[in-house]
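Asker: Model the following, please.
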Amino acid sequence: MKTLRATVRFFLGKFKMSSRVPGRVCSSWICNLKTSCLARDSGKPCCLRAELREMKQLQEQMMENEIEVAHRINGLETRLVASESQNAELKQRLEESEKRCRDLEDTLRSASRVMHSIGVQSNDSHSDDPHDSTTIHQ
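Answerer: Numbering: from 1, shown residues only. This next block holds a predicted model:
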């Protein structure tokens, strides 16, 4: 008889401890035995099942977030590749422009030497005609 009382007290103590502590998950043996716990007494679903359902929802949300992040990363990588190719194209155009500028400077120096050798000098005074910037000195 004492053993039976001790066993009943043991199980009742476990039941009271697991069902009366707020936020504590039901022990699986309570759910399996279909005994009432504090959550079921109040009309709510079993704590353990609710927590499992919440964990599944969180996992699904994490997977959705991972997919969204992957899409964003792919979009950013695509934009990065596009901007890198655009940057390379602009760099090439800049180099071509610099080369043309150097060629024009060389041509201008050559023309200036030729003009100086034949007696044409640059006109320091501004004339009415903006295209006519040279004067012939004899």
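Asker: List the contacts of residue 66.
Answerer: By C-beta atoms under 8 Å, 6 or more residues apart in numbering, the contact set of residue 66 is empty. Bear in mind the C-beta positions are built from the backbone N, C-alpha and C, glycine included.
Asker: what helix or strand is it on?
Answerer: helix 47-118 (DSSP states H and E).
Asker: can you list the domain ranges for this protein.
Answerer: 10-50, 61-118 (automatic domain parsing).
Asker: any idea which of these scores lowest on pLDDT?
Answerer: Among the domains of the chain, domain 10-50 carries the lowest mean pLDDT, a mean of 52.
Asker: if I look at residue 112, how far off is residue 99?
Answerer: 20 Å (C-beta to C-beta, to the nearest Å).
Asker: More neighbours: these two, which one.
Answerer: For residue 112 versus residue 99, neighbours defined as other C-beta atoms under 10 Å are more numerous around residue 112 (13 against 10).
Asker: Return the distance of the more buried one relative to residue 103.
Answerer: Applying C-beta to C-beta to residue 112 and residue 103 gives a distance of 15 Å.
Asker: do the same with residue 85
Answerer: Relative to residue 103, and taking C-beta to C-beta, residue 85 is found at 27 Å.
Asker: can you check residue 94 too?
Answerer: 15 Å.
Asker: again with residue 90
Answerer: 20 Å.
Asker: And residue 72, by the same measure?
Answerer: With C-beta to C-beta as the criterion, residue 72 and residue 103 are 46 Å apart.
Asker: What of residue 70?
Answerer: Taken as C-beta to C-beta, the span from residue 70 to residue 103 is 49 Å.
Asker: Could you do residue 117 as well?
Answerer: 21 Å.
Asker: Before I go, just wanted to say thanks for your time.
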